[in-house]
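Q: Mind looking at a prediction? Sequence and model below.
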Amino acid sequence: MLAALAHRGPDDEGMWIDPERRVVLGHRRLAIIDRSAAGHQPMVSPDGRWVLAFNGEIYNYAELAAELTAGGHWQFSGSSDTEVLLAAWATWGEASLDHLLGMFAFAIWDQRDRRLVLVRDRFGVKPLYLHLPRSGGIVSASEIGALHAVGIGTRPDPSAWAGYLLDGQMEFADRSFWSEVMPLPAGHLARWHQGDASGAVTIEPWYDLAAAVDAAGWDDRPDDEVLDESEALVREAVALRFRSDVPVGIAISGGLDSSTLLALVDALGPDEAGVHAFTFTTGDPTYDELPWVQELVAGTAHPLHDCRLRSGEVPELAEELQRVSDGPFGGLPTLAYARLFERARHHGVTVVLDGQGMDEQWAGYDYYRSVTAVDQPTPILQGTSTSPTRAGCVTADLASLAAPAPSVKRAGPLSGDPLVAAQIRDLTAVKLPRALRFNDRASMAASCELREPFLDHRLVELALRQRRDRKLDNSTGKVLLRRLARERLNARDVAAPKRPVQTPQREWLRGPLRSWVRDLVADGMSWQPDWLTAAGAWGELDQFLAGDGDNAFFVWQWLSLGLVARTRPHHR
C-alpha cells in the first residue's frame, strides 16, 4: 500500500504496528515543514498513548503551538505541524478540530482506549477512502490505488459508472467508482473501537457549511465593514499558506482570481524573484491565456513559466494520471494542470498556490444568474448548445443501476435561498469536490503540494452570508470581490474573456488524437461490453469526429473507460 502511494510522499516512509497486531498505520512523507527526522510519521506521543498518521498541512500550527506551550500542555521536540496536531488532539480531543485552519486527512489511534478516529478536512481538500469489511474493522488510504494493491475494491461499481455516463456525476457521498470503497465525506470523521464486538464503524459530520451560515444569518453590515473583514481574512489566508520550508510558487491564469492572488502575494513582501509563477498553455491562441498572464506579471520580478501541453504528449500523460486517479478525471484541462506541476517540480518548487474556490463562494459562474429554485441542478458544462452526455448510448441494464444525483436541500434562512443553496451544493457536492479531486491527483502525481488559500472556511462562510446584490449584477458575478481586489488590494484590472473550456480538447480529439480516440474507445467497450450500445456509441463518435457538435464531454467519458481498461486491465 505504501509503495502505491510513493508519489504522494517521496521523502520518507514509516509504519507503526500495534503490539497486538490489530492496528497498522503507514505513512509516505512529502516534507514541507520541519523536514528533519522530528517530522517522521507515524508519530507517537511521548506517553505512548496516541499514534498519528497525517496528510496535509495545519497552517496555523505556530499559533497553536504557542497556545499549547503556554498552557503547559506540551513540550515540543520539533517544529512540525504534525507534532502540533498530535499535541492538540492529546489536549483537546475531537474539539481540536475547530481550532484547525488547514487541509488534512489523518488517522489517530488511542492505544489506551483502543479507539481509531479518521478525520477529513472541512471541504475535502485532502482525500481519504474507506473499506469496511463485512467481518468488521476498517481499511483506509489516501488513494484507492493503495487499496487495489492489496486486492480491495478491484471491481468497478456499476452504479457510480452509470451515474457518470448518464448524467456526468463524478462525486458520490456513499460510494466511489470501485466496489466496496467509499470516500470519507468532507467535514466528517469515522470512529472504530477495537472492543466493539460488532466491529462497527460510525461516521458523522464534524463540520456543516449550511448549518454554519444559517446560524450566522445574513450579513447586513455596510459594504465597507464587510470589505474590511474580507481584506483582513484573505490577507491572513494567503500569508498562512506561505509557511513552508521549501520553495512556494503560484499557478495563475488571466482572470480576477489570479489577479487577486498575485496582489496578495506581492503585498506579503516576499522576494518576488523567489516566487515563481506558472501557467499552462497549449499553443492555441483561441484558448491560451498567456497574453493576459504576461500582462498580469508585467512590472513584477516573478519568473513566469509557460507550461506547454502538446497534443502528442496526451496519450502517455493521460495513462500516467489515470494510474493515480480514483475514477474519471477532467480531460485535457486536468492534463494541462498536471503538466504545470511537473514543471514546478522541475524548477525546484514543491508548494504551489492557486485561486480555487472564488467562483463558488462569490457566485462567479454564469449559471448562477439564472438560479431560481433551491433544487435547481448544476449544469455539467456551460457554453454548449447540445447535451454534454449521450445517455441514449448507455444500455438499459446499466442505466437502471445509476446512483441518484447528489442533493443538498436545506430550509434554513440562508440555505433555503436559491442562490445560496446552489452555492452550497457546488461547494459540498458537485463542482468543488470534483475540482479538488482532479487537482489533488494532478499535483501529487508530481509530488507537488497544492494549497488553496481562498478555501479558508472563514472566507467561504463570510461570502455565502452576503445577499445577492453583493455577488451578482446584471452583467457579472463576484461583485464585492471585484471591488475588494481593485480598491483594497490594488489588483490589476486584467481578465481574460470567459470561455467554456480552457484547452482545445474538441479540436485535438478530432484532429491529431483521432486514431488514439478510436482505439481507446474500443478498449473501453471491450473492458465493459455491456455498458454502452456499440452501434449507438460508434455512430455518435463518428459524427463527433466528422465535426458535428460543440462539446467533447461525452467522448471523454468513453475515453475514461478506455484509460481505466489500460491502466487496470485485470479489474473488471
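A: Good, I have the coordinates. Numbers count the residues shown, from 1 in each chain.

Q: residue contacts, residue 143?
A: By Cβ atoms under 8 Å, 6 or more residues apart in numbering, the contact list for residue 143 reads 4-5, 8, 127, 129, 324, 326, 441. Any C-beta I mention is one placed from the backbone N, CA and C, and that applies to glycine too.

Q: same check, this time on residue 28
A: Residue 28 makes contact with 2, 5-6, 8-10, 12-13 under the criterion Cβ under 8 Å, 6+ apart.

Q: From the residues you listed, list the buried ones, please.
A: Buried members of the contacts of residue 28, counted by 16 or more other Cβ atoms under 10 Å: 2, 5, 8-9, 13.

Q: Which of the residues you listed sits closest to residue 254?
A: Proximity of these to residue 254, judged by Cβ to Cβ, is greatest for residue 8, which lies at 30.7 Å.

Q: quick one: pLDDT of the closest one?
A: pLDDT, residue 8: 98.

Q: so when I look at residue 278, I'm seeing a strand, right?
A: Yes: assignment of residue 278 by DSSP: H, G, I helix; E, B strand; the rest coil places it within a strand.

Q: what about the residue nearest to residue 450 when sequence neighbours are not counted, how many residues close to it?
A: Distances taken as Cβ to Cβ, 6 or more residues apart in numbering place residue 443 nearest to residue 450, at 4.0 Å, with adjacent residues excluded. Per other Cβ atoms under 10 Å, the neighbour tally for residue 443 reads 25.

Q: do the same with residue 420
A: Neighbour number of residue 420 under other Cβ under 10 Å is 27.

Q: With only the CA atoms kept, save stretch 223-239 in PDB.
A: Extracted as PDB, the C-alpha positions of stretch 223-239 are listed here (Å, rounded to 0.1, in the frame of the first residue of the first chain):
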ATOM      1  CA  ASP A 223     -20.200  47.300   2.500                       C
ATOM      2  CA  ASP A 224     -17.100  48.900   4.000                       C
ATOM      3  CA  GLU A 225     -17.300  46.700   7.100                       C
ATOM      4  CA  VAL A 226     -17.600  43.600   5.000                       C
ATOM      5  CA  LEU A 227     -14.700  44.700   2.900                       C
ATOM      6  CA  ASP A 228     -12.600  45.400   6.000                       C
ATOM      7  CA  GLU A 229     -13.200  41.800   7.300                       C
ATOM      8  CA  SER A 230     -12.800  40.200   3.900                       C
ATOM      9  CA  GLU A 231      -9.500  42.000   3.300                       C
ATOM     10  CA  ALA A 232      -8.100  41.000   6.700                       C
ATOM     11  CA  LEU A 233      -9.100  37.400   6.300                       C
ATOM     12  CA  VAL A 234      -7.900  37.000   2.700                       C
ATOM     13  CA  ARG A 235      -4.500  38.500   3.600                       C
ATOM     14  CA  GLU A 236      -4.100  36.200   6.500                       C
ATOM     15  CA  ALA A 237      -5.200  33.200   4.500                       C
ATOM     16  CA  VAL A 238      -2.500  33.800   1.900                       C
ATOM     17  CA  ALA A 239       0.100  34.600   4.500                       C
END
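
Q: quick one: contacts of it?
A: By Cβ under 8 Å, 6+ apart, stretch 223-239 touches 219, 260-261, 264-265, 267-268, 353, 453-454, 456, 458-459, 462-463, 466, 470, 480-481, 483-484, 487-489.

Q: where along the stretch 401-550 of the chain do the helices fall?
A: Secondary structure of the stretch 401-550 of the chain (DSSP state H, counting those that start in this stretch): helices located at 418-428, 431-444, 457-464, 479-483, 505-510, 514-527, 534-545.

Q: Let me know which of the ones you listed is the nearest to residue 55.
A: With Cβ to Cβ as the criterion, residue 55 lies closest to helix 431-444 of those, at 9.6 Å.

Q: I'd like to know which elements the closest one is packed against.
A: Applying 3 or more Cβ pairs under 8 Å, 6 or more residues apart in numbering; DSSP states H and E, we find helix 431-444 packed against helix 314-324, helix 332-346, helix 358-361, strand 449-451.

Q: tell me which element residue 192 falls in.
A: strand 188-193 (DSSP states H and E).

Q: what about residue 369, neighbour count?
A: By other Cβ under 10 Å, neighbour count at residue 369 equals 16.

Q: What of the one 4 residues further on?
A: Counted by other Cβ under 10 Å, the residues lying close to residue 373 total 9.

Q: circling back: touching the strand holding residue 192 from outside, list them.
A: Taking Cβ under 8 Å, 6+ apart as the rule, strand 188-193 contacts 94, 97, 113-120, 130, 137-138, 140, 184, 199-206.

Q: Pairing partners for it, with directions?
A: strand 115-120 (antiparallel), strand 201-205 (antiparallel) (DSSP bridges).

Q: Give me whichever of those is most buried.
A: strand 115-120 (a mean of 21; mean count of other Cβ atoms under 10 Å).

Q: So which residues of the stretch 51-200 of the chain form strands?
A: Taking DSSP state E, counting those that start in this stretch as the test, the strands found in the stretch 51-200 of the chain are 102-110, 115-120, 129-131, 139-141, 182-183, 188-193.

Q: related to what we said a few turns ago, counting neighbours, which of the contacts of stretch 223-239 end up buried?
A: The neighbour count (16+ other Cβ under 10 Å) marks 219, 260-261, 264-265, 353, 453-454, 456, 459, 462-463, 466, 470, 480-481, 484, 488-489 as buried among the contacts of stretch 223-239.
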